[in-house]
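In: From the sequence below, what's the structure:
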Amino acid sequence: MRYLLSAIALCALSACATITNDENVPVALSFSDGSTGTCNLQNKRVTLSAEIPSTQMIRRSDDNLQYNCTSSNGATGVGGIPSSMGAKIVASAVFIDLGIVDSITDKHRTYPASFVIPVTK
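Out: Sure, this is the predicted structure:
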């Protein structure tokens, strides 16, 4: 019985684990002058064109979400939205699997829920 419990414990502790995050995260985008327009968005996992203002489902990545935007009144905005790590990855790294699975899939990364894109004429 002791060997059976030891075997079960060993199997349970050696299994890989991942944070249960979706691949995509919603990001609400708008222009600083309140206008409408379009943006090209890109990170290493996704490239898309988006109407602004809107909420886009962005694929999680460890690099910044680069944007190149033009508003309807001719203003432009170019820059990046930073990617960050959530608190869950710390628990995963310390207690579960050293964060290896999530480091490969970038599911531990997130973008801000909303972002105002600064535009200039």
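
In: Can you pull out the low-pLDDT segments for this protein?
Out: Scanning the chain for pLDDT under 70 picks out the ranges 1-20, 86-105.

In: ok, 90 please
Out: Of all residues in the chain, those with pLDDT under 90 make up the ranges 1-23, 61-62, 84-110, 121.

In: Spell out the residue ranges of the strands in it.
Out: Taking DSSP state E to define them, one finds strands in the chain at 24-31, 37-43, 46-52, 54-59, 65-71, 76-81, 84-85, 109-110, 114-117.

In: can I get these in TSV with mean neighbour count?
Out: No exception for glycine: its C-beta is placed from N, CA and C like everyone else's. TSV is the format used below for those (neighbours: other CB atoms under 10 Å):
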stretch	mean neighbour count
strand 24-31	18
strand 37-43	19
strand 46-52	15
strand 54-59	17
strand 65-71	19
strand 76-81	15
strand 84-85	12
strand 109-110	20
strand 114-117	16
